[in-house]
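Chemist: Fold the stuff below for me.
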Amino acid sequence: MQFVEAFNDLGYDVPNHRQAWSAEKSDGICITLWKAEMGKRDGLMWMDTRVHADSWEDWGNKPGNKWRIGHLRRALGEFGGKVDVVIVSGKPGESYGTAQPWKAEGMRAHTYWQVSNFEETTGHFEVSLQQNAS
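Modeler: Numbers count the residues shown, from 1 in each chain. Model (predicted):
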C-alpha cells in the first residue's frame, strides 16, 4: 500500500505527503513508524527514537518532526497518549517503501499503540503496542 493510502485507510488526510510523518483528525492522531526502527519489549512491538532511530541531527530539524511534535502533544493531551500507526517498510532517510495501517482487528483486535514518553523540545518519543484486558 502507498503511504498516503495507508493514512487514508485509517481516516486521515495527509496535507503534505512528502514531508509529513504524522496526521490528525477530530478524534485522533496517526504517526508513522519505520519497521526497521522497531524492537520488542515484553513480547510486544516497541519503538523509542533514542534507541532505534537515526541520529537526531538527521531528522530533528525537519518539518515532519515539528508537525509530529504538535501531534504528539495533542495525542497526550486529548487522547491519553493513544495513537493510530502506519508502519512503513522502507529504509529511513531514503524511501518509505510500502505502508501498512495498523488496524485493531483479527489477531490485533485487543491492541492499541500508546505513547509513553515524549520530549517536546526535541521530538524524541517512545511508543509501544499495548493489549486491552479482555
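
Chemist: For the helix ranked longest in the chain, enumerate the helices and strands it packs against.
Modeler: Longest helix in the chain, counting residues (DSSP state H): helix 63-79. For helix 63-79, the packing partners by 3 or more CB pairs under 8 Å, 6 or more residues apart in numbering; DSSP states H and E come out as strand 22-25, strand 28-34, strand 82-88, strand 111-118. C-beta coordinates here come from the backbone N, C-alpha and C atoms, glycine included.

Chemist: got JSON lines for the ones you listed, with mean pLDDT, distance to residue 101 and mean neighbour count too?
Modeler: Listed next are these as JSON lines, based on pLDDT from 0 to 100; distance: least, CB to CB, whole Å; neighbours: other CB atoms under 10 Å:
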{"stretch": "strand 22-25", "mean pLDDT": "97", "distance to residue 101": "11", "mean neighbour count": "20"}
{"stretch": "strand 28-34", "mean pLDDT": "96", "distance to residue 101": "8", "mean neighbour count": "21"}
{"stretch": "strand 82-88", "mean pLDDT": "96", "distance to residue 101": "5", "mean neighbour count": "21"}
{"stretch": "strand 111-118", "mean pLDDT": "94", "distance to residue 101": "12", "mean neighbour count": "17"}
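
Chemist: Isn't residue 71 up against residue 28?
Modeler: No. Contact criterion CB atoms under 8 Å: residue 71 and residue 28 do not qualify, at 9.8 Å.
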